[in-house]
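Visitor: sequence plus predicted model, see below.
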Amino acid sequence: RMEIPYVLRLTRRSLTPTIAGILVSMGYSFLQERPRRNGHGRTLPQAQCVPAMTQPRAIPWCKGRLSTDMEKLKARRIFLEEDAEAAFEDAYGKGWTDGLPIIPPTSARVERMMATVERAPDSVVATLPPRNGVATVERIAANAVMAGCRPDYLPVVVAAVEAIAQPEFNLYGINSTTSPVTPMLIVNGPVRHMIDLNGSYGFFGPGWRANATIGRAIRLVQLNIGGSIPGSVSKSTMAQPGRYSMCMAEYEERSPWPPLHVEMGHPAEESTVTVTAATSTVSVSDVWSRDAEGILVTMTSSMDWPGIPSLRYFSGRPLLILNPDHAAVCSHDGLSKEDVKRVLHERTSHIPLSRFAKAEQERLTEDRRVHDGHVAMVPGPEYFMVVVAGGHGGFHSTFVPTWAQSQPVTRVIDTRRITPASGS
């Protein structure tokens, strides 16, 4: 039988403990009905937010059944038959997954996961809104197991959780807004090679375990600890595929410029993760231009459309992910990364007011954003972020509009216990 961490939940009606199912205990829990199905598919669960018990309690029915090898873990547990499908169905029925199959977070798996971080299981990494759930190392590790992470990925996940909890990132807003915004992870430094994190061909697509599961672990942490339950808490009207996972490495070896973490003030040999609030991705193709001017005309013409948050609110940190070939052309023409940002700002600072809807024109005018009949996307060149990633031989780059109410955050990754990967 599988030994699986469980949560005790208190019902507001009776204030008596009930067994809720698998998953490491959370700082807060949601009471929700099992989803009902109708002819149009699954209905959204109705939920109420109530505090969960945070200290282990003796449970009569399982007295004597907890083995000594579990003592390192603080979470309560349930016992299920050795049936991964049943474990997934149970977790899915209770709203604890992203809809994809999970790896059951057994005691042994959670302990192996935590072995790669130099912190105690009950060490508090962050408190995550809107539920204000306490994200301990153990709880983060359980979600990382569920997501399919290898133990060596956990230091990246822990650093990313610490980053998204910073006030300037505004996780409360991200977890509850109507926008499709999601945390996007950009990893720099030696850890990219240690865990085989992809920053080359297809880094946003399938086939790379580290990219897929690290990003997914953050989403499960948002759901199960932060309480970002779709429909009842998260009011994102459509969401986006990036809400399953959005994690990449910068292709530092093919960048002609200093990588992102060095721009942020970190040594090149240090490993970091930067989280930014991505609302979508826009593929920008320019296979004809052979000079920096032409390439950046194409880039900026694909960035300055009226519906993006930065243009509407004069804030945010728009991100341009340049393909190595595009970056090489810009560098060959003598442009530094700062030069690229300057051109991006210049070419997005003269957007005709006539391109906006009438109501938007009135709002922009009231906000004193209009100058000589034109509108600027952001206040200055420093608001743009530029990284280099992607495969070679195809002149395709990506623009990532970001949420205007959030600022990127960078945190150092503790790599002391990571074993270099032989492949993912």
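Guide: Cool, the structure landed. Residues are numbered from 1 along each chain as shown.

Visitor: ok, W288 touching V297?
Guide: No - taking contacts as Cβ atoms under 8 Å, W288 lies outside contact range of V297: 11.3 Å. All C-beta atoms are positioned from the backbone trio N, CA, C, and that covers glycine.

Visitor: so which of these two has more stuff around it?
Guide: Neighbours were counted for W288 and for V297 using other Cβ atoms under 10 Å; V297 has more, 15 against 9.

Visitor: quick check: which element contains that one?
Guide: Following DSSP states H and E, the helix or strand that holds V297 is helix 292-301.

Visitor: residues touching that helix, excluding its own?
Guide: The contact list for helix 292-301 (Cβ atoms under 8 Å, 6 or more residues apart in numbering) reads 284-286, 288-289, 320, 326, 329-330, 332-335, 340, 343-344, 347-348, 395, 397, 399.

Visitor: again, only using 6 Å
Guide: Helix 292-301 has contacts (Cβ atoms under 6 Å, 6 or more residues apart in numbering) with V284, D286, S289, H326, V329, C330, D333, L335, V343, L344, R347, T348.

Visitor: which strand or helix spans the fifth one?
Guide: Take DSSP H and E as the rule and V329 turns out to sit in helix 324-332.

Visitor: tell me, what residue is most central in the protein?
Guide: P183 (3.2 Å; Cα atoms, centre = their mean).

Visitor: so it, which of the three states?
Guide: Here P183 is recorded as strand under DSSP: H, G, I helix; E, B strand; the rest coil.

Visitor: give me every residue that touches it.
Guide: By Cβ under 6 Å, 6+ apart, P183 lies in contact with I164, I218, V275.

Visitor: now for the helix ranked longest in the chain, which elements pack on it?
Guide: Longest helix in the chain, counting residues (DSSP state H): helix 209-224. Here helix 209-224 touches helix 137-147, helix 154-164, strand 247-249, going by 3 or more Cβ pairs under 6 Å, 6 or more residues apart in numbering; DSSP states H and E.

Visitor: P230 is nearest to which of the ones you listed?
Guide: helix 137-147 (16.4 Å; Cβ to Cβ).

Visitor: can I get that closest one as CSV, trimmed to CA atoms?
Guide: Below are the C-alpha coordinates for helix 137-147, written out as CSV (Å, rounded to 0.1, in the frame of the first residue of the first chain):
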residue,chain,number,x,y,z
VAL,A,137,10.1,22.8,2.0
GLU,A,138,8.1,19.6,2.5
ARG,A,139,4.9,21.0,0.9
ILE,A,140,6.8,22.3,-2.0
ALA,A,141,8.6,19.0,-2.4
ALA,A,142,5.2,17.1,-2.4
ASN,A,143,4.0,19.3,-5.3
ALA,A,144,7.3,18.8,-7.1
VAL,A,145,6.8,15.1,-6.8
MET,A,146,3.3,15.3,-8.2
ALA,A,147,4.6,17.4,-11.1
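
Visitor: ok, back up a step: give me the mean pLDDT for the helix holding V297.
Guide: The pLDDT scores in helix 292-301 average 98.

Visitor: got the angle between it and helix 324-332?
Guide: For helix 292-301 against helix 324-332, the angle by axes from the mean of the first three to the mean of the last three Cα atoms, to 10 degrees is 130 degrees.

Visitor: helices along the stretch 51-200 of the chain, start to end?
Guide: Along the stretch 51-200 of the chain, the segments classed as helices by DSSP state H, counting those that start in this stretch run 84-93, 107-114, 137-147, 154-164, 171-176, 191-194.

Visitor: packing partners of the third one?
Guide: In other words, helix 137-147. When contacts are defined as 3+ Cβ pairs under 6 Å, 6+ apart, helix 137-147 sits against helix 107-114, helix 154-164, helix 209-224.

Visitor: chain center to the second one, what's the gap?
Guide: Meaning helix 154-164. 10 Å (Cα atoms, centre = their mean, to the nearest Å).

Visitor: now swap in stretch 330-348 and tell me
Guide: 28 Å.

Visitor: touching it from outside, list them.
Guide: P256, W257, D291, A292, L296, T300, D304, M377, P381, F384, V386.

Visitor: how about 8 Å then?
Guide: For stretch 330-348, contacts defined as Cβ under 8 Å, 6+ apart pick out 256-258, 263, 291-293, 295-297, 299-301, 303-304, 311, 318, 320, 322, 376-378, 380-384, 386.

Visitor: before we move on, what about stretch 237-248?
Guide: 98, 100, 178, 180, 182-187, 197-199, 203-204, 210-216, 218-219, 230, 236, 278-281, 321, 389.

Visitor: any stretches of the chain with poor pLDDT?
Guide: Residue ranges of the chain with pLDDT under 70: 1-72, 78, 80, 422-424.

Visitor: pull the CA atoms of the helix holding V329 into CSV?
Guide: The C-alpha trace of helix 324-332 is given here as CSV (Å, rounded to 0.1, in the frame of the first residue of the first chain):
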residue,chain,number,x,y,z
PRO,A,324,20.6,33.4,-31.5
ASP,A,325,20.6,34.2,-35.2
HIS,A,326,18.7,37.4,-34.8
ALA,A,327,20.9,38.4,-31.8
ALA,A,328,24.1,37.6,-33.8
VAL,A,329,23.0,40.0,-36.6
CYS,A,330,22.3,42.8,-34.1
SER,A,331,25.6,42.2,-32.5
HIS,A,332,27.4,42.1,-35.8
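
Visitor: got the buried residues for it?
Guide: P324, D325, H326, A327, A328, V329, C330, S331 (16 or more other Cβ atoms under 10 Å).

Visitor: the fifth one against S255, yeah?
Guide: What that stands for is A328. No - using Cβ under 8 Å, A328 is not in contact with S255; the gap is 9.2 Å.

Visitor: turn the helices and strands packed on helix 209-224 into JSON lines, columns for mean neighbour count and distance to R131.
Guide: Output for the helices and strands packed on helix 209-224, formatted as JSON lines (neighbours: other Cβ atoms under 10 Å; distance: least, Cβ to Cβ, whole Å):
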{"stretch": "helix 137-147", "mean neighbour count": "29", "distance to R131": "12"}
{"stretch": "helix 154-164", "mean neighbour count": "27", "distance to R131": "14"}
{"stretch": "strand 247-249", "mean neighbour count": "27", "distance to R131": "23"}
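
Visitor: got those as a markdown table, with distance to E366 columns?
Guide: Shown next, in a markdown table, are the helices and strands packed on helix 209-224 (distance: least, Cβ to Cβ, whole Å):
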| stretch | distance to E366 |
| --- | --- |
| helix 137-147 | 44 |
| helix 154-164 | 33 |
| strand 247-249 | 38 |
